[in-house]
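**Student:** everything below, folded, please.
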Amino acid sequence: MIRTNAGLYAAGFAAALLAIVLSAPRLAAAAPPAPLTRGGFAAVLLAAIGEKTVPLPLGPPKTAVSFSDVSEGDADYGAITAAAAKGYVSGYPDGSFRPDAPVAFEDMVCVASNALRIQPVCDAEEILARYADGKSVSQYARAYLAENVVRGYIETAGDRLGPRRTVGKAEAEAYLAKVLSENIAFGLDIPDGTEQLVAVTAAGYGVSAGRAHLYEIGKNGVWQNMRNFGCFIGQDGFSDEKLLEGRRNTPVGLFAVGTAFGAADNPGTKLAYRKIAKDDVWVDDPKSALYNTWQKRGDNNGRWSSAENMDVAAYSLGFVIGYNSERTPYAGSAYFFHIYGKPTYGCVGAAREDVLETLLWLDAGKKPMILMCPDTDIPARYTGVRKH
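**Tutor:** Alright, predicted model coming up:
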């Protein structure tokens, strides 16, 4: 090999560069987050709940709470006593709170679940058996941890839950934000007798991507979050205006869940069900006496000038949203909860699996209703005296 001056220069440069790299100080690996203490978690929990409506605690309110190892002047004294008075946290049988002890993951989940009065209904042993460390979950935490998994509040990487690992402040804040964002039915002014609620929300007006939350009154008398999934609403988002015919908005309001429908026989819903026929239509002519009703195309005889075909793929499964049941002209018509994978003309669209699971869950005997509203407006519009 003949080495040229250029080759010698390149080799020298490479050697010099290698020397610089080897002599440079090594960067330390990022330190893991500091474990959150029990006292610190009380403060994080109170801050997360803030002014949000949560279920009333069991038992009479506590006017004063004290622990043998928590004194006025301690860093988290106010948070600990306030959270204990609300029934969110408690101490140990010996009267201590152990404010400086680190919070384990399973304890964080138990405290939050207790604060929201989450009622475990899943088969905890079947759920935990899916994880390599499922047997290491403490007995007192097994039901709550499994229920959180089923509801989608806990996201795991791989086949481990890490129930007894410590958590940092950021993880606790993220977990609480997730749980609270899915549990928004507490305190809503929902008519007596309604035991099921479909809440469709979006992050403001003019937003077409939404989220559907299913709630049912549990045996403990508190709204339980049964399922959550992404959905779509009208292309122009929510609107609380009164004349929506021909627009691409989804109406804001609380409405009855109406008849279920589909292209095939009843899949198993406990709602009234109607199988769609080829000549089924929904009248959207505001000047017709049959405005906003389900009719047969062959029965028209000049009684309407416009109607939407029901025999389409999007309507192969769904239910009627009871908007404008008074059939006020131009207020809007043909609003459904149905299969659809993109922004709609005003209906609520979701994946087939989610629509089917919703129909299988809905029960006409529980007088279900559907609430549609931007999540930021729900507290002001619908929070009442009820504290379910």
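
**Student:** what residues are up against the residue nearest the centre of the chain?
**Tutor:** For the chain, the residue nearest the mean C-alpha position is residue 182 (2.9 Å; Cα atoms, centre = their mean). Counting by Cβ atoms under 8 Å, 6 or more residues apart in numbering, residue 182 touches 151, 152, 153, 213, 225, 228. (Each C-beta comes from the backbone N, C-alpha and C, glycine too.)

**Student:** out of these, who's nearest residue 279?
**Tutor:** Distances from residue 279 to the contacts of residue 182, taken as Cβ to Cβ, are shortest for residue 213 (36.0 Å).

**Student:** you'd agree the closest one is in a strand?
**Tutor:** Yes: per DSSP: H, G, I helix; E, B strand; the rest coil, residue 213 lies within a strand segment.

**Student:** what's opposite it in the beta bridge?
**Tutor:** Beta-bridge partners for residue 213, by DSSP bridges, are residue 199, residue 228.

**Student:** can you get me a residue count around it?
**Tutor:** 23 (other Cβ atoms under 10 Å).

**Student:** number the chain from 37, please
**Tutor:** Taking 37 as the first residue, the last one we looked at is residue 249.

**Student:** for residue 209, see how far away it is.
**Tutor:** As for residue 249, its distance to residue 209 is 21 Å (criterion: Cβ to Cβ, to the nearest Å).

**Student:** and what of residue 355?
**Tutor:** The spacing between residue 355 and residue 209, counted by Cβ to Cβ, is 37 Å.

**Student:** settle it for me: which of those two has more neighbours?
**Tutor:** More crowded of residue 355 and residue 209, by other Cβ under 10 Å: residue 355, with 27 against 16.

**Student:** give me the mean pLDDT for the host helix or strand of that one.
**Tutor:** Per DSSP states H and E: residue 355 is located in strand 353-357. Averaging pLDDT along strand 353-357 gives 98.

**Student:** who touches that strand?
**Tutor:** By Cβ under 8 Å, 6+ apart, the residues outside strand 353-357 that reach it are 291, 293-299, 303, 307, 371-375, 383-384, 388, 391-392, 395, 398, 406, 408.

**Student:** out of those, which are buried?
**Tutor:** 291, 293-298, 307, 371-375, 383-384, 391-392, 395, 398, 406, 408 (16 or more other Cβ atoms under 10 Å).

**Student:** now, these that are in helices?
**Tutor:** Using DSSP state H, 391, 392, 395 are the members of these that sit in helices.

**Student:** let me know the closest of those to residue 348.
**Tutor:** Nearest to residue 348 among these is residue 391, at 14.4 Å by Cβ to Cβ.
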